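Visitor: sequence-free structure coming up:
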């Protein structure tokens with residue numbers, strides 16, 4: 001089965017997280033997308049967030065090891081593989097701080113984007129793995 005690499009971000013501002021409405025799945029999801037050739041997962045996420053929402057982010061990073069390289073990439077909070085129709089996604093998930101929430105503007109591919117509190121996430125009709133990971137991130 002085909003395996004695509006994907007970056008996903010849990011975008012926080014104050015005590016809320018941003019979700020986008022995925023038209024094909026008819027569900028709320030975190031922001032993200034496919035990693036392009038010659039692109040790191042964090043470059044991909046920064047690009048996807050900008051393209052989809054017009055937002056700038058800081059990918060949060062708390063290295064547990066000494067910095068041994070000036071080119072060290074932020075560590076994802078987790079990585080998983082899941083099926084998406086006829087192929088799989090290997091997704092790298094990151095915690096992100098939104099730097100300019102007032103600039104939120106969704107592109108034409110998206111139906112909606114909204115900020116949600118932890119309680120609202122619990123009450124939303126989300127894919128179960130999205131709900132679990134979103135609530136853990138708070």
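Guide: Sure, I can see it. All figures in this text were calculated on a predicted structure; none of them were measured in a lab.

Visitor: number of nearby residues for residue 70?
Guide: 5 (other CB atoms under 10 Å). Just so you know, the C-beta spots here come from the backbone N, C-alpha and C atoms, and that holds for glycine as well.

Visitor: what's the answer for residue 73, then?
Guide: 14.

Visitor: could you pull out the helices for the chain?
Guide: 41-53, 118-123, 128-137 (DSSP state H).

Visitor: To residue 103, which of those helices lies closest?
Guide: helix 41-53 (8.2 Å; CB to CB).

Visitor: List the buried residues in the closest one.
Guide: 41, 42, 44, 45, 46, 48, 49, 52, 53 (16 or more other CB atoms under 10 Å).

Visitor: and if you look at stretch 57-77?
Guide: 57, 59, 74, 75, 76, 77.

Visitor: Make sure the last one is actually in contact with residue 137.
Guide: Yes: contact status for residue 77 versus residue 137: in contact at 7.2 Å, counting by CB atoms under 8 Å.

Visitor: Now do the shared contacts for these two.
Guide: Jointly contacting residue 77 and residue 137 under the rule CB atoms under 8 Å, 6 or more residues apart in numbering are 10, 95.

Visitor: Which residue is the nearest non-sequential neighbour of residue 22?
Guide: Spatial nearest neighbour of residue 22, chain neighbours left out: residue 29 (4.9 Å); criterion: CB to CB, 6 or more residues apart in numbering.

Visitor: Any idea how far apart the tips of stretch 114-125 sit?
Guide: 14 Å (CA to CA, to the nearest Å).

Visitor: any idea of the mean pLDDT for that stretch?
Guide: Averaging pLDDT along stretch 114-125 gives 90.

Visitor: Going by neighbour count, which residues in that stretch are buried?
Guide: Applying 16+ other CB under 10 Å to stretch 114-125 flags 115, 116, 121 as buried.

Visitor: quick one: which of those is nearest to residue 97?
Guide: For the buried residues of stretch 114-125, the nearest to residue 97 is residue 115 (13.5 Å; CB to CB).

Visitor: Looks like that closest one contacts residue 20 (just checking).
Guide: No: using CB under 8 Å, residue 115 is not in contact with residue 20, being 11.2 Å away.

Visitor: Centre-most residue in the chain?
Guide: Residue closest to the average C-alpha location in the chain (CA atoms, centre = their mean): residue 9, at 1.9 Å.

Visitor: Thanks again, I'm all set now.
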